[in-house]
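In: Structure, please.
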Amino acid sequence: MTVSAKQRQWFLGVAFTLTLAAMASLEGKDDSDLAVVKPGKTKAPNLKKRGEIESEPAGDVSLAKMNRQPLPEDVKEMFPGKSWFVAPPPPKVVTPTAPPLPFVFKGKLAEEGEKTAVFLNKQGRSYIVREGDVLDKIYSVDEVRPPVMILTYLPLNVKQTIQIGESN
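Out: Predicted coordinates for the structure are as follows:
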């Protein structure tokens, strides 16, 4: 059902008129039937037991009853704050290490009165090294003592060994 604009205006006008009439009828009434609370004159209920009510004057509030006892010395804060912050784990200390040796042992030659020569291979390139040599400016040959050869990775000064077998 649709309501026309004229019907809507008529309905709102009637509602407004009734509201004004209700307000006018209340203005002439006496305030004696309305409850008015005045300080010190009314009594507030005091519940002691269920169903038993004792009255005290509302204006006579004892300030001593409102004071609270101080907190004990060991209690610093009644409601301490809670933090949900979780510290991140300490960073892992990564110590740099030398890469694995790129050399493959191919053989050795030990001649009397001379240093032992060791034959190494790295990606198809052959090396003949003796104690004290430097390979590719990265590895230094420190010792050749069968069954091992000790090399030093120069950038980190880390010693590495390669197996060269026993002397014949």
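In: where does this structure dip in pLDDT?
Out: Within the chain, the stretches with pLDDT under 70 are 28-65, 71, 168.
In: let's see 50
Out: 41-42 (pLDDT under 50).
In: From the structure, what's the count of residues near N67?
Out: Using other C-beta atoms under 10 Å, N67 is surrounded by 8 other residues. Any C-beta I mention is one placed from the backbone N, CA and C, and that applies to glycine too.
In: Can you tell me how far it is from V75?
Out: 18 Å (C-beta to C-beta, to the nearest Å).
In: Please list all residues in contact with T116.
Out: Residues in contact with T116, defined by C-beta atoms under 8 Å, 6 or more residues apart in numbering, are K108, L109, A110, R130, E131, V144, P146, S167.
In: Restricted to strands, list those residues.
Out: Judged by DSSP state E, strands contain the following of the contacts of T116: K108, L109, V144.
In: my guess is the last one meets V118, correct?
Out: Pointing back at V144 there. Yes - using C-beta atoms under 8 Å, V144 is in contact with V118, at 6.0 Å.
In: between these two, what contacts are shared?
Out: Common neighbours of V144 and V118, using C-beta under 8 Å, 6+ apart, are K108, V129, R130, I164.
In: Can you tell me which of the residues you listed is nearest P100?
Out: I164 (16.6 Å; C-beta to C-beta).
In: Give the buried residues for the longest helix along the chain.
Out: When the chain is parsed with DSSP state H, its longest helix is helix 5-27. By 16 or more other C-beta atoms under 10 Å, helix 5-27 has no buried positions at all.
In: Contacts for it, please.
Out: With contacts defined as C-beta under 8 Å, 6+ apart, helix 5-27 is touched by V3.
In: How far away from the center of its chain is it?
Out: Chain-centre distance of helix 5-27: 63 Å, with C-alpha atoms, centre = their mean, to the nearest Å.
In: now stretch 79-92
Out: 6 Å.
In: Spell out the residue ranges of the helices in this protein.
Out: Using DSSP H, helices in the chain cover 5-27, 63-66.
In: Turn these into a markdown table, including distance to L151.
Out: Shown next, in a markdown table, are these (distance: least, C-beta to C-beta, whole Å):
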| stretch | distance to L151 |
| --- | --- |
| helix 5-27 | 102 |
| helix 63-66 | 86 |
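In: Those helices: which one's closest to W84?
Out: helix 63-66 (36.1 Å).
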